[in-house]
Structures are given as C-alpha cells and as structure tokens.
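Undergrad: sequence and predicted structure below; questions after.
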Amino acid sequence: MEKKKYYISTAIAYTSGKPHIGNTYEIILADAIARYKRALGYDVYFQTGTDEHGEKIELKAKEAGVTPQEYVDKVAADIKRIWDKMNTSYDRFVRTTDKRHEEQVQKIFKKMYDKGDIYKGEYKGLYCTPCESFWTESQLVDGKCPDCGREVSVASEEAYFFKLSKYQDRLVEYIESHPDFIQPESRKNEMLNNFIKPGLQDLCVSRTSFKWGIPVTFDEKHVVYVWLDALTNYITNIGFDVDNPTEEFKKWWPADLHLIGKDIIRFHTIYWPCFLWSLDVSLPHQVFGHPWLLTNNDKIGKSRGNAIYADDLADLFGVDAVRYYVLHEIPFANDGNLTYDLLIERYNSDLANILGNLVNRTISMAKKYFEGIVPKANALEDVDNDLINTVINAYPKTTEAMDNLRIADAIDNVFEIFRRSNKYIDETTPWTLAKEGNIERLSTVIYNLLEAIRIGAILLHPFLPETAEKIFAQLNTDLTDFASIETFGGLESGKELNDPTPLFVRIDKEKFLEELAQ
Ligand code: ME8
C-alpha cells in the first residue's frame with residue numbers, strides 16, 4: 001500500500017540574528033509532529049530554513065562591516081547548527097538566497113503581473129529626505145523622523161501592488177467553509193473579523209529604498225517585497241515552476257501543515273492564500289499559529305537583553321530536557337513561560353523522578369532478581385490490568401492529541417504510562433515478593449514494568465528521541481515501532497538487559513542557580 005504523504009513546514013527564521021529559545025520552540029514542535037507522523041507510517045516531508053532578504057538585514061550587515069551575503073551565510077549557518085543540535089529531523093533546510101528560489105520568485109512575480117494581479121501604482125507615505133526613508137504615521141517620534149529627528153513630508157514613489165482586494169470575498173468564503181484551515185479557532189475569528197471583513201487594501205509588493213532583495217526582472221530598480229519572497233518558499237523548494245510544476249511538487253503540495261507563530265498568522269492566512277490563487281495553486285490544508293514562549297512572563301526580544309538560547313540551555317541541561325520543557329509547557333492556545341527555576345523543577349520532578357527513577361529502579365531490580373534476563377509474566381493479578389490498560393490506551397490517546405496538535409497533552413499522555421508504572425511499583429512492592437520467595441509473581445511484576453517502559457519509550461521517541469534510544473539500549477530491544485505497541489506483551493522474555501545508566505541526574509536547584517549567577 002502506498003504511504004500517505006504529510007508535508008509539514010515551519011516559518012523560515014529571519015537571519016537578522018541568532019534565534020532565541022522562542023524561535024527554536026517552533027522547530028522542536030514541528031519535529032515532534034514530523035517524527036510522530038513518520039512513526040505512524042506517513043511519508044513525511046519536513047521543511048525549514050531561513051528568510052534572508054530585506055532592509056533590516058542590509059542594515060545589520062552594514063553595521064557589521066560585511067556584505068549582506070556574508071552576513072546571512074553566517075547567521076543561517078548558526079541557525080542550522082542550533083536546529084541540528086536540538087536533534088530536529090527536517091528533510092530540507094531552505095534559504096531564500098538559494099538560486100532556485102530566487103529564480104522562481106522572479107517568475108512568480110512576472111506571472112502575477114502578466115495576469116493583472118500585480119500593477120504599478122504609487123506608494124504614498126511620510127518621507128524623510130536625508131534618510132531616504134518612508135515612515136508610517138505611527139512610526140514617527142513627536143511627528144518627526146524616528147532616525148534623525150528631522151521633518152518628514154508627504155511623498156510618493158512608484159511601486160508595484162498586489163490586488164488583494166480582488167480575492168476578499170473568495171477568502172471569506174473559503175475560511176468560513178474550511179473550519180480547520182486556521183487553528184486555533186480563536187485566530188480564525190480574529191482574522192475574519194479584524195482584518196478581512198473590514199476590507200483588504202491592495203498590498204505593496206516591491207521596494208526601491210534598498211537593494212538587498214530579489215530584483216523584479218522587468219523593472220530592476222525594484223526588489224520583491226520580503227513577504228512575497230518568503231512565503232513562496234513553501235512551493236519553490238519542492239519543485240514549483242509557474243510553467244511546468246514538477247512531479248515532486250505534485251507529490252507534496254498542498255502542504256498539510258504550516259506551523260508558525262501567532263504573530264505571523266495574518267501573512268499566512270491572508271496574503272498567502274491570495275498569492276496561491278493568483279498562481280492557480282490550491283491552498284495548504286492547515287495553518288497553525290502556535291502561542292509564544294515567554295521568559296519570566298515577558299516577551300523575548302533580542303534587543304531587550306532577555307534572550308535565552310536553546311544551545312546554551314542544552315549545554316546546561318541536555319537537549320532532551322529542553323525539548324521536554326518547551327513541548328510540555330506551552331499549551332495549545334496560551335503562551336508558556338520559561339525560567340531557570342521552572343525548568344529545573346520540571347527536570348527534577350518529571351525527567352529525573354518520574355521517568356529516570358522508574359527506568360533505573362526497574363532495570364536494577366531485573367538485574368538483582370533475575371540476573372538481567374527479561375522474566376516471564378505467568379501470574380497475572382487484577383492490579384496488573386489497570387497498568388496494562390493505561391499503557392495500551394496511551395497510544396490512541398496520544399495519537400488523538402497529536403492529530404489535534406495538542407502536543408503538550410500528547411506528551412503528558414505518554415508520561416501517564418510512567419506515572420502509572422511508578423504507582424504499580426508501590427502497589428506490588430517487588431522487594432516484598434522477593435523476600436517471600438514469590439518468584440512467579442515477581443517475574444510478572446518485573447516483566448510488566450519492563451514492557452510498560454518499552455511501550456512508553458516508543459511513544460516518547462518523537463518527543464525525546466535520544467532518551468528513548470537510551471531506554472531501548474538498556475532494554476536491549478529492537479521492538480521499537482508503533483506496530484509493536486498495539487498489544488501488551490511484545491518484549492521478549494529470556495533476553496538479557498544491558499546495565500542501567502541514569503537518564504537524568506537530579507539537579508540541586510539552589511546550588512545550580514547560585515553557580516549560574518556567578
Ligand atoms: O517571522 N515564542 O521570522 P522570525 C514562540 N521570517 N515562537 C516565536 C517567538 C516566541 N517568543 N518569537 C518568534 C519570521 N516566534 C519570518 C517568517 S515565514 C514565510 C517568514 C516564531 O525569525 C515566529 O512566530 O521572526 C515565527 O513563526 C518563527 O518564530 C520565526 O520568527
């Protein structure tokens with residue numbers, strides 16, 4: 001049977017600077033979804049990358065005394081390094097300075113122009129002549145240029161515009177008849193009521209005030225507006241061509257999910273659909289605007305000086321601890337908060353206590369009582385059924401949560417297996433069974449625990465791949481696919497376990513925070 005395809009993308013990160021933990025959250029979230037879909041048997045294509053043009057980048061490069069290309073090469077490499085360090089399994093890392101992308105953007109712009117969807121007009125704004133910059137009313141400081149403080153005057157320059165207004169009714173109709181297109185639901189209403197229904201203005205899609213962009217082929221003093229350039233990455237990199245779309249494009253498009261942050265939903269659910277319609281291309285199935293990660297309940301900003309970086313956190317706590325924290329702490333629709341304090345608490349309570357201790361205790365008991373050989377489960381009792389039910393039900397429950405993009409709930413369902421297993425140890429007290437010489441029952445209890453851990457690790461894999469692999473290695477099992485967790489009892493008796501090694505070493509919070517402050 002042919003595998004069902006699944007195309008997931010993240011936003012492409014600005015190469016204006018090093019991405020903070022909030023930006024990195026997105027790639028980790030996408031990675032968990034992509035890995036889960038692969039484990040379910042989907043043929044997955046997972047795309048991420050960098051957004052490299054625009055005035056801000058041109059300015060940053062100037063400040064740094066390098067060319068824009070040198071600047072973006074360095075930042076893009078840093079972004080890729082962080083994505084790799086966080087163990088994300090993207091299939092392609094795209095860059096908007098890639099030749100193929102640039103050529104297609106030029107063709108796309110031309111096609112829209114030939115079709116009449118892009119026309120030449122006049123951009124009117126408040127202009128500061130010495131700075132050669134246009135400003136909007138709200139950008140002014142005391143009615144003056146925010147850069148140099150001089151007077152601005154009303155001026156106009158020629159620019160190309162995209163006819164958003166032409167697609168307004170179609171967009172309203174589409175969004176209303178496709179309730180899953182924009183998620184979460186609250187965002188859909190916000191887009192319809194605050195932005196689309198009040199009326200769409202035509203969009204200025206070219207700039208002449210700076211050079212670092214993709215030139216318009218038939219009018220070279222203009223560069224393509226950065227959002228038209230950036231959004232099209234989702235099609236240009238899978239073989240889209242205005243004249244002759246490739247088989248690759250036909251295979252993957254439409255995307256199943258554009259995963260993006262809440263601040264850029266507008267671009268993805270208003271501009272993007274209209275651009276696609278202009279090209280006679282169908283729309284992606286879903287756009288999910290995830291909430292934000294805050295630090296100390298404050299917005300993270302590079303200029304605010306409160307940026308926390310994923311690679312620094314990973315050096316301190318390990319990659320999977322960071323993955324766990326961000327996946328677990330950001331609910332479906334509300335912002336999540338990150339502090340060192342909270343991270344250490346979660347680390348100690350969930351990773352070290354609930355998961356790490358369970359695995360360590362269970363394997364140690366198997367070593368002690370059965371010389372490390374997986375025992376047989378012959379003496380089932382009622383108390384076992386509750387454990388087994390919890391373990392078996394976790395799979396469909398986790399899948400359902402993932403299907404609804406409730407990733408924090410999904411990972412919590414997996415941890416339910418570990419919490420239940422710890423309780424099972426308290427209920428069955430294996431050490432008492434050993435003392436009583438009740439080997440039949442002790443075998444069953446240890447087997448059930450090992451099997452619960454195996455199933456839990458398989459479900460955990462998409463979220464914390466490295467930890468899951470460490471558990472598989474300790475269990476010495478190759479039975480690691482989703483098909484092997486539909487029934488309880490797959491783990492082979494008679495196999496020898498490997499030595500237990502601690503997965504997460506408890507952190508002394510006070511001491512750690514003190515050292516960090518030094
Ligand atoms: O927006 N928490 O790039 P970007 C969670 N280049 N997510 C956050 C966040 C936070 N604190 N801050 C930002 C861009 N994000 C464009 C995208 S796509 C065609 C072009 C998210 O580097 C943000 O919402 O500013 C976006 O989805 C991603 O990080 C990259 O942000």
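TA: Alright, I've got the coordinates.
Undergrad: how about the spatially closest residue to Glu451 that is not a sequence neighbour, secondary structure?
TA: The shortest distance from Glu451 to any non-neighbouring residue, by CB to CB, 6 or more residues apart in numbering, is to Leu491 (4.6 Å). Any C-beta I mention is one placed from the backbone N, CA and C, and that applies to glycine too. Recorded secondary structure, Leu491: coil (DSSP: H, G, I helix; E, B strand; the rest coil).
Undergrad: mind listing what Leu491 touches?
TA: Neighbouring residues of Leu491 by CB atoms under 8 Å, 6 or more residues apart in numbering: 374, 447, 450-451, 454, 475, 477, 479.
Undergrad: could you redo the last one with a cut-off of 6 Å?
TA: Going by CB atoms under 6 Å, 6 or more residues apart in numbering, Leu491 touches 450-451, 454.
Undergrad: which single residue in the stretch 1-150 of the chain comes nearest to the ligand?
TA: Going by CB to the nearest ligand atom, the ligand is nearest to Gly22 of the stretch 1-150 of the chain, at 2.4 Å.
Undergrad: could you report the neighbour count for Thr399?
TA: 17 (other CB atoms under 10 Å).
Undergrad: do the one 4 residues further on as well
TA: When counting by other CB under 10 Å, one arrives at 13 neighbours for Asp403.
Undergrad: please report phi then psi for the nearest residue to Lys299 once chain neighbours are set aside.
TA: Leaving out its chain neighbours, the residue that sits closest to Lys299 by CB to CB, 6+ apart is Trp292, at 7.3 Å. Phi and psi for Trp292, reported as degrees, to the nearest 10, are phi -100, psi 160.
Undergrad: surely Trp292 touches Asp335?
TA: Yes: applying CB atoms under 6 Å, one finds Trp292 in contact with Asp335, separated by 4.6 Å.
Undergrad: looking at the protein, which helix or strand is least sure?
TA: strand 133-135 (a mean of 79; mean pLDDT, DSSP states H and E).
Undergrad: what residues does this protein put near the ligand?
TA: Residues of the chain lying close to the ligand by CB under 6 Å from any ligand atom are 11-14, 22-23, 25-26, 51, 230-231, 260-261, 263-264, 292-293, 300.
Undergrad: tell me the helices and strands packed up against the strand or helix carrying Glu514.
TA: In the assignment (DSSP states H and E), Glu514 maps to helix 509-517. In terms of contacts (3 or more CB pairs under 6 Å, 6 or more residues apart in numbering; DSSP states H and E), helix 509-517 is not packed against any helix or strand.
Undergrad: give the buried residues for that helix.
TA: Phe512 (16 or more other CB atoms under 10 Å).
Undergrad: buried ones in the one helix or strand Ile344 maps to?
TA: Using DSSP H and E, Ile344 sits in helix 340-346. The neighbour-count check on helix 340-346 (16+ other CB under 10 Å) flags 340, 343-344, 346 as buried.
Undergrad: farthest-separated two in those?
TA: Farthest pair in these (CB to CB) is Tyr340 and Arg346. Separation: 10.9 Å.
Undergrad: can you give me how far stretch 452-462 is from the chain middle?
TA: 21 Å (CA atoms, centre = their mean, to the nearest Å).
Undergrad: got the contact list for that stretch?
TA: Against stretch 452-462 from outside (CB under 6 Å, 6+ apart): 32, 35-36, 359, 391, 398, 414, 417-418, 421, 468, 471, 475, 477, 480, 485, 491.
Undergrad: pull the CA atoms of that stretch into CSV?
TA: Extracted C-alpha coordinates of stretch 452-462, given in CSV (Å, rounded to 0.1, in the frame of the first residue of the first chain):
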residue,chain,number,x,y,z
ALA,A,452,5.4,-0.7,30.1
ILE,A,453,8.7,1.1,29.9
ARG,A,454,9.3,-0.3,26.3
ILE,A,455,5.9,1.0,25.2
GLY,A,456,6.4,4.3,26.9
ALA,A,457,9.8,4.8,25.3
ILE,A,458,8.4,4.1,21.8
LEU,A,459,5.7,6.7,22.3
LEU,A,460,8.3,9.0,23.8
HIS,A,461,10.6,8.8,20.9
PRO,A,462,9.1,11.5,18.7
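Undergrad: skipping adjacent residues, who's closest to Asn353 in space?
TA: Arg506 (7.8 Å).
Undergrad: got it, and Thr467?
TA: Nearest one to Thr467, counting by CB to CB, 6+ apart, is Asp320 at 4.7 Å.
Undergrad: what's around the one you found, how many residues?
TA: 22.
Undergrad: now it: which helix or strand?
TA: Judged by DSSP H and E, Asp320 forms part of helix 319-329.
Undergrad: what about the helices in the stretch 51-200 of the chain?
TA: In the stretch 51-200 of the chain, helices defined by DSSP state H, counting those that start in this stretch lie at 55-64, 68-85, 99-115, 168-177, 185-190, listed in chain order.
Undergrad: now render the ones you listed as TSV, adding distance to Thr269, mean pLDDT and mean neighbour count.
TA: Supplementary listing: the helices of the stretch 51-200 of the chain in TSV, determined by distance: least, CB to CB, whole Å; pLDDT from 0 to 100; neighbours: other CB atoms under 10 Å:
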stretch	distance to Thr269	mean pLDDT	mean neighbour count
helix 55-64	24	93	16
helix 68-85	25	98	18
helix 99-115	19	98	18
helix 168-177	7	97	14
helix 185-190	8	92	15
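Undergrad: now distance to Ile238 too, for those, in a markdown table please.
TA: Compiled in a markdown table, the helices of the stretch 51-200 of the chain are given as follows (distance: least, CB to CB, whole Å):
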| stretch | distance to Ile238 |
| --- | --- |
| helix 55-64 | 25 |
| helix 68-85 | 19 |
| helix 99-115 | 11 |
| helix 168-177 | 22 |
| helix 185-190 | 26 |
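Undergrad: how much space between the residue nearest to Glu451 and the ligand?
TA: 39 Å (CB to the nearest ligand atom, to the nearest Å).
Undergrad: likewise Asp311?
TA: 16 Å.
Undergrad: that residue - how many residues pack around it?
TA: 18.
Undergrad: check contacts around it.
TA: 82, 85.
Undergrad: report the secondary structure state of it.
TA: helix.
Undergrad: sweet, I'm off.
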